[in-house]
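Undergrad: sequence plus the predicted model coming up.
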Amino acid sequence: MAGTEQSTGKERVGERLRNVSQNFVLHIHSPNVSTYALSPFTTMGLGVILICLFAIQLATGMLLMIHYTPSVDAAYFSVKEIIFYVPGGWIFRNIHRWSAHALVFITFLHMFRTFYKGSYYGTRKTNWVVGVIMLLIVMMMSFSGYLLPWDQLAYWAVTIGSNIAAAFREFTDLIGVTGYVDPGGFIRKMLLGGENVGQNTLTRFFTLHVIVLPVTLLGLIGYHIWRIRKDGGLARPASTPDSSLEEIPAWPTALWAEVAILLSVVGILLIVGVLADAPLKILANPNLPDNPAKSPWYLLGIQEIVSYSAFMGGFVIPLFFVAFLFYIPWFDREGEIHSGVWFSGKDGIRTTSLSVLAGGIITISFVALSLFIDLPGDKGSPQYIILSMILNPGTLSVMAYLFWTLFVYHSTSSRRMTVLALFTAFMTGWTIFMIIGLWFRGENWHFIL
């Protein structure tokens, strides 16, 4: 009898493995999954949440496209028609809007989880780079959709964003070559399709939002998931107990867990969509600027430092940080000892905590000093522009983050602690700059308390 039961159990496992291998949807998973990977604390389900949000974006976006007209004369009124006349249109628009914001936010959280668990060592560095690219595309996809309602919020947010894209012009103006070489103006014109936000801009943003960026992101998601399987599954600590590495068939355990996450995400978005309407201001008016005109929340940190220096805040500092993100796996080569371990243990927790404190103190101190100390010289003069590029809260904060990072490196002789320090200090400062732009900037971008 025991032999019969054992044989039956093996047959059931074999049947489940065949179901996984022969079904396209199930084949996305490995045939077996470890109990460690199924633990909520391992990934917090962030990757599955992102896939669910992206699927919701595609579904609601296709429904909205049926009634949307990408024309400066009709876009705003087609959105109003969706809200007030199309049955259920308002709830689909609300869900689409809030899920777009959630997609950006959860993508950042996913990057944090991956970074702080050291999931970029060895062959996984390729997937880290892909993840950074996906973060940039998600932000671009959300930003491109910002213009489509063609209201005041959309028009002036994109205007601000395009001005940030032209930030290089401050430097070319300073050295007097803008008439000959104008990369900032070229980037802005490529983005807008002209000198100002208009029909060409709306057409480009619509095409990017509904075709180019979603298709690109879909391909990267597939490659990202494939790389996880290729790299041996989720990164895990070398000290993981054998009991946590026990493998069970992915079907049906993993699938039911993902269905539960999907239903939870849909339920939360339904509640939010019913309780909170997506904003829609008056029809876009190029002659009536919003004051203050603010970019989307995930770009407000950049907008804040751009207000100090366009070139440093809109070009040098963001480029430096993105380059740092790409370079992390090649700089930190300490090996698998840190892989899959939150903050790399007690030393990493201490370094991260101190870096949050250092980043906060540095950023707030330089912002406070800028409120009471004026730069010498006449505004617009070469001397003033050069000083404003260097002696502003954004540039000085980044320089201080680097000094803090050097201090950590010399104190620990650890490259992992070094990247923990710089990443944490930078993200702390960026968050503070974002909060300042969101809540502490009023008319004409004046600081308010």
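TA: Yes, it's here.

Undergrad: so where do the helices sit in the stretch 101-250 of the chain?
TA: 125-146, 152-165, 169-175, 183-192, 199-207, 213-230, 250-275 (DSSP state H, counting those that start in this stretch).

Undergrad: quick one: buried residues of the first one?
TA: Right, the one you point to is helix 125-146. 125-129, 131-135, 137-146 (16 or more other CB atoms under 10 Å). Using the backbone N, CA and C atoms, a C-beta is placed for each residue, glycine as well.

Undergrad: same deal with stretch 436-445?
TA: Quick answer for stretch 436-445 (16+ other CB under 10 Å): I436, G437, R441.

Undergrad: what's that stretch in contact with?
TA: Stretch 436-445 has contacts (CB atoms under 8 Å, 6 or more residues apart in numbering) with 291-292, 294, 297, 300-301, 303-304, 307, 367, 447-449.

Undergrad: make CSV out of the helices of the stretch 101-250 of the chain and add mean pLDDT and distance to I337.
TA: Shown next, in CSV, are these (pLDDT from 0 to 100; distance: least, CB to CB, whole Å):
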stretch, mean pLDDT, distance to I337
helix 125-146, 95, 16
helix 152-165, 91, 40
helix 169-175, 90, 43
helix 183-192, 91, 42
helix 199-207, 96, 46
helix 213-230, 91, 21
helix 250-275, 89, 29
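
Undergrad: ok, which of those comes nearest W404?
TA: Among the helices of the stretch 101-250 of the chain, the nearest to W404 by CB to CB is helix 125-146 (22.8 Å).

Undergrad: so what's the gap between that closest one and the chain middle?
TA: Mean-position distance between helix 125-146 and its chain equals 6 Å (CA atoms, centre = their mean, to the nearest Å).

Undergrad: now that helix and helix 183-192, what's the angle there?
TA: Interaxial angle, helix 125-146 versus helix 183-192 (axes from the mean of the first three to the mean of the last three CA atoms, to 10 degrees): 70 degrees.

Undergrad: and helix 125-146, what does it pack against?
TA: Packing partners of helix 125-146 (3 or more CB pairs under 8 Å, 6 or more residues apart in numbering; DSSP states H and E): helix 89-116, helix 152-165, helix 199-207, helix 213-230, helix 317-331.

Undergrad: among the contacts of stretch 436-445, which ones are buried?
TA: P292, K294, L300, G301, Q303, E304, S307, V367.

Undergrad: the residues you listed in helices, which ones?
TA: Counting by DSSP state H, the buried ones among the contacts of stretch 436-445 place L300, G301, Q303, E304, V367 in helices.

Undergrad: now the third one: closest residue in space that isn't a chain neighbour?
TA: Spatially, and ignoring its direct neighbours in sequence, Q303 is nearest to S295 (4.9 Å; CB to CB, 6 or more residues apart in numbering).

Undergrad: is it true that that neighbour touches N163?
TA: No - assessed by CB atoms under 8 Å, S295 is found out of contact with N163, at 9.3 Å.

Undergrad: more crowded one of those two?
TA: Ranked by neighbour count (other CB atoms under 10 Å), S295 and N163 place S295 first, with 24 against 18.

Undergrad: so what's the more buried one up against?
TA: S295 touches A157, I160, G161, I164, I302, Q303, counting by CB under 8 Å, 6+ apart.

Undergrad: could you dump those residues into CSV with distance to F423 added?
TA: Converted to CSV, these look like this (distance: CB to CB, whole Å):
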residue, distance to F423
A157, 28
I160, 27
G161, 25
I164, 23
I302, 17
Q303, 22
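
Undergrad: which one of those has the most neighbours?
TA: Q303 (27 neighbours).

Undergrad: so what touches the one helix or strand F54 maps to?
TA: F54 belongs to helix 46-65 when assigned by DSSP states H and E. Residues from elsewhere that reach helix 46-65, judged by CB under 8 Å, 6+ apart: 82, 89, 92-93, 95-96, 99-100, 102-103, 106-107, 109-110, 113, 210, 214, 217-218, 221, 257-258, 261-262, 265-266, 269.

Undergrad: likewise stretch 111-125?
TA: In contact with stretch 111-125 (CB under 8 Å, 6+ apart) are residues 43-44, 46, 127-128, 131-132, 135, 227, 230-231, 234-235, 328-330, 332-336, 338-344, 348, 352, 416, 420, 423, 427.

Undergrad: now these: which count as buried?
TA: 43, 46, 127-128, 131-132, 135, 227, 231, 234-235, 328-329, 332, 334, 338-341, 343-344, 348, 352, 416, 420, 423, 427.

Undergrad: and L58, how far is that from A100?
TA: Using CB to CB, to the nearest Å, L58 is found at 12 Å from A100.

Undergrad: now do T159
TA: With CB to CB as the criterion, T159 and A100 are 20 Å apart.

Undergrad: give me the more crowded residue out of these two.
TA: Shown here are T159 and A100; by other CB under 10 Å, A100 has more neighbours (24 against 21).

Undergrad: who are the contact partners of L217?
TA: Neighbours of L217 in contact, by CB under 8 Å, 6+ apart: F54, M134, I137, V138, M141.

Undergrad: from L147, how far off is the residue nearest to Q303?
TA: For S295, the distance to L147 equals 12 Å [CB to CB].

Undergrad: mutual contacts of these two, please.
TA: What both S295 and L147 touch, as defined by CB under 8 Å, 6+ apart, is the set A157.

Undergrad: on that earlier part again, make a markdown table out of the ones in helices among the buried ones among the contacts of stretch 436-445 and add pLDDT and distance to P318.
TA: Putting those into a markdown table (pLDDT from 0 to 100; distance: CB to CB, whole Å) gives the following:
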| residue | pLDDT | distance to P318 |
| --- | --- | --- |
| L300 | 94 | 13 |
| G301 | 94 | 9 |
| Q303 | 94 | 11 |
| E304 | 95 | 12 |
| V367 | 96 | 18 |
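
Undergrad: just the residues you listed now: which is nearest D73?
TA: Nearest to D73 among these, with distances taken as CB to CB, is Q303, at 29.3 Å.

Undergrad: got a list of what that closest one touches?
TA: By CB under 8 Å, 6+ apart, the neighbours of Q303 are I160, I164, K294, S295, G437.

Undergrad: TSV please, covering the residues you listed and showing distance to K281.
TA: Compiled in TSV, the contacts of Q303 are given as follows (distance: CB to CB, whole Å):
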residue	distance to K281
I160	15
I164	21
K294	12
S295	15
G437	19
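
Undergrad: neighbours of the closest residue to M134 other than its chain neighbours, how many?
TA: Closest residue in space to M134, ignoring its immediate chain neighbours: L220 at 5.1 Å, by CB to CB, 6+ apart. Neighbour count for L220, taken as other CB under 10 Å: 16.

Undergrad: my guess is L220 contacts I137. True?
TA: Yes - L220 is in contact with I137 according to CB under 8 Å; the separation is 7.0 Å.
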